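Peer 1: I would like the atomic coordinates for the input below:
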Amino acid sequence: MSRACVALVLHVVSWVSVAQSPPPALRVEVVGDTHRTWHPIVVRVINLTDNGITFAFPVYADGELYARGTSTLRSWLPIELERKSNTGWVPALPAESRRVNSVPSDVKPNALVEFTFGVVGSGEYRVRVWYVIAPPLLGPPRKPAARASVLSKPFSVNSK
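Peer 2: Numbering: from 1, shown residues only. Sure thing, here's the model as predicted:
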């Protein structure tokens with residue numbers, strides 16, 4: 001192989017490694033190995049950075065989780081519950097397991113927060129946590145906040 005070809009290969013390999021996405025800013029862990037319907041499930045969200053991170057609360061559109069004709073719904077937790085179906089992962093509404101007066105909208109640097117919710121049906125689930133990576137721009141033109149998400153490992157929920 002000629003020197004020019006080796007240099008080109010090395011350049012392409014170094015460009016690919018630089019172009020990879022940055023490491024995630026958060027880690028999402030579902031606490032415990034056994035989960036039952038209507039019982040509390042605890043999720044830990046751990047900030048892996050030296051900066052505070054603001055959560056982005058999911059908003060569900062008309063008919064996405066409820067019957068058509070209802071208004072949009074803002075989640076009461078900064079997590080999105082997803083259930084595995086025959087066609088892939090679909091949104092599922094977490095059941096409120098206990099009422100809290102306030103839910104944190106951010107996580108401090110190198111800290112963790114916990115959220116508790118319940119699940120109505122048995123099956124395989126995962127949790128997605130959305131967070132803000134760039135604030136909105138007021139414009140003109142206006143731009144919404146840029147968001148990213150991190151997924152938990154899938155976990156099973158049983159009825160017994």
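
Peer 1: Can you list the low-confidence ranges for this structure?
Peer 2: For the chain, applying pLDDT under 70 flags the ranges 1-22, 59-76, 96-102.

Peer 1: Strands along that one, start to end?
Peer 2: 26-30, 41-47, 53-54, 59-60, 73-74, 79-85, 88-92, 106-107, 112-117, 123-134, 146-151, 155-157 (DSSP state E).

Peer 1: can you put those strands in TSV and add distance to residue 140 and mean neighbour count?
Peer 2: Any C-beta I mention is one placed from the backbone N, CA and C, and that applies to glycine too. Below are the strands of the chain laid out as TSV (distance: least, Cβ to Cβ, whole Å; neighbours: other Cβ atoms under 10 Å):
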stretch	distance to residue 140	mean neighbour count
strand 26-30	32	17
strand 41-47	33	19
strand 53-54	24	18
strand 59-60	24	13
strand 73-74	26	12
strand 79-85	31	19
strand 88-92	33	14
strand 106-107	28	18
strand 112-117	36	17
strand 123-134	17	18
strand 146-151	18	15
strand 155-157	45	17
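
Peer 1: Which residues does residue 114 form beta bridges with?
Peer 2: Beta bridges link residue 114 to residue 44, judged by DSSP bridges.

Peer 1: Check the gap between it and residue 124 for me.
Peer 2: 22 Å (Cβ to Cβ, to the nearest Å).

Peer 1: Check residue 47 too.
Peer 2: In terms of Cβ to Cβ, residue 47 sits 27 Å off from residue 124.

Peer 1: got it, and residue 79?
Peer 2: Going from residue 79 to residue 124 by Cβ to Cβ gives 16 Å.

Peer 1: do residue 39 as well
Peer 2: Counting by Cβ to Cβ, the gap from residue 39 to residue 124 is 16 Å.

Peer 1: Beta-bridge partners for the closest residue to residue 24 other than its chain neighbours, please?
Peer 2: Distances taken as Cβ to Cβ, 6 or more residues apart in numbering put residue 150 closest to residue 24, at 5.0 Å, once the chain neighbours are dropped. For residue 150, the beta-bridge partners are residue 129 (DSSP bridges).

Peer 1: show me what contacts residue 150?
Peer 2: 24, 25, 26, 27, 28, 128, 129, 131 (Cβ atoms under 8 Å, 6 or more residues apart in numbering).

Peer 1: Over to residue 127?
Peer 2: 28, 30, 43, 79, 80, 81, 82, 151, 152.

Peer 1: Great, nothing more from me.
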